[in-house]
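>>> coords please:
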Amino acid sequence: MAETGKTITSAANPAVKRLRSLSAKKYRDEEGVFLVEGLRHVQDALAGGFVLDTLAYSARGARDAAGLTGKAKETLELNDELLSRITQRDNAQAVIGAFKLKTAAISSVTSGFWVGLEGIRDPGNLGTIIRTADAVKADGVLLLGDTCDPWSPEAVRATMGSFARVPVAQGSLPEFLAWRKNWKGRVVGTHLQTTTDYRAAEYAPPLLLLMGSESSGLSKEAAAACTTLVKIPMAGGAESLNLAVSTGIMLYEICRERLK
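This next block holds a predicted model:
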């Protein structure tokens, strides 16, 4: 590893290779860290209790990063080309951070209002949903089954910093079905094969809003575990809505009284 505060100019440097590898889930899991791009979002992560492993910045971001160097295990000054290599973006932010992963088990979901996402595959949708959950002050997002990684660069970028304020829990479908037996509240799922309008359902907490995957919706097992199934009516020719859009509609309906 590079020494604290060391200036690096070579893409072959081990510290640069390590940060660049974090674009792949395999290495995020092995290292136990993920990338956050931009000063404001690095500050969001610190405010949210995430542990800063590595702080990297270019000359453009040196002044902004100065107040953060003491919070990192390691600090690196890189040129803009190396930051672009690490983030795989032409116009990379001048400050990036590698933070320790922080994902909870499904057993941590015991009360409040959570958004459950079964089989979500699009990191942009996931990040947007986390951002919307933050906007309505939901208690967290629960990922079920085989999903995209909430700590991928694409998902983290799409949250616009909300990843730092919205807890994320994960579990398999069997774990969810076992957890469901002890959940004291309601589980409301969206489903095309129901006649109940989403505006007519009961949303008193504790509540889990359960949304299915982009391609196939809720599984039969997940749908059967719901207290109520609802649908969002559509008058036009579209067969379905984008998952992030439909989740946003549901979240704002559920939180309508709270947001007045």
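
>>> and for the residue nearest to residue 186 when sequence neighbours are not counted, the neighbour number?
Excluding the flanking residues, the one nearest residue 186 by Cβ to Cβ, 6 or more residues apart in numbering is residue 227, at 4.4 Å. From N, CA and C alone the C-beta is placed, and that goes for glycine too. Using other Cβ atoms under 10 Å, residue 227 has 16 other residues around it.

>>> give the contact list for residue 227.
Residues near residue 227 by Cβ atoms under 8 Å, 6 or more residues apart in numbering: 186-188.

>>> tell me the one of the residues you listed nearest residue 168?
Residue 168 has its nearest neighbour among these in residue 187, at 18.4 Å by Cβ to Cβ.

>>> looks to me like the closest one is in a strand.
Yes: Residue 187: assigned to a strand according to DSSP: H, G, I helix; E, B strand; the rest coil.

>>> beta-bridge partners for it, please?
residue 208 (DSSP bridges).

>>> wait, isn't it in contact with residue 208?
Yes: contact between residue 187 and residue 208 holds when scored by Cβ atoms under 8 Å: they sit 4.7 Å apart.

>>> name the residues contacting each of these two.
Common neighbours of residue 187 and residue 208 (Cβ under 8 Å, 6+ apart) are residue 116.

>>> show me which of those two is the more surrounded one.
residue 208 (25 against 21).

>>> on that earlier part again, now do the residue nearest to residue 186 against residue 202, distance only.
Noted for residue 227: a distance of 8 Å to residue 202, by Cβ to Cβ, to the nearest Å.

>>> tell me the contacts of the residue positioned nearest the centre of the chain?
Centroid-nearest residue in the chain, with Cα atoms, centre = their mean: residue 150, separated by 4.2 Å. Taking Cβ under 8 Å, 6+ apart as the criterion, residue 150 is in contact with 103, 126, 130, 141, 143, 156, 163, 168.

>>> of those residues, closest to residue 38?
For those, the nearest to residue 38 is residue 156 (10.2 Å; Cβ to Cβ).

>>> let me see the contact set for that closest one.
Counting by Cβ under 8 Å, 6+ apart, residue 156 has contacts 34-37, 41, 127, 150, 163.

>>> need the pLDDT of the nearest residue to residue 40 once chain neighbours are set aside.
Spatial nearest neighbour of residue 40, excluding adjacent residues (Cβ to Cβ, 6+ apart): residue 161 at 6.4 Å. Listed pLDDT for residue 161 reads 98.

>>> I'm done for today, thanks for sticking with me.
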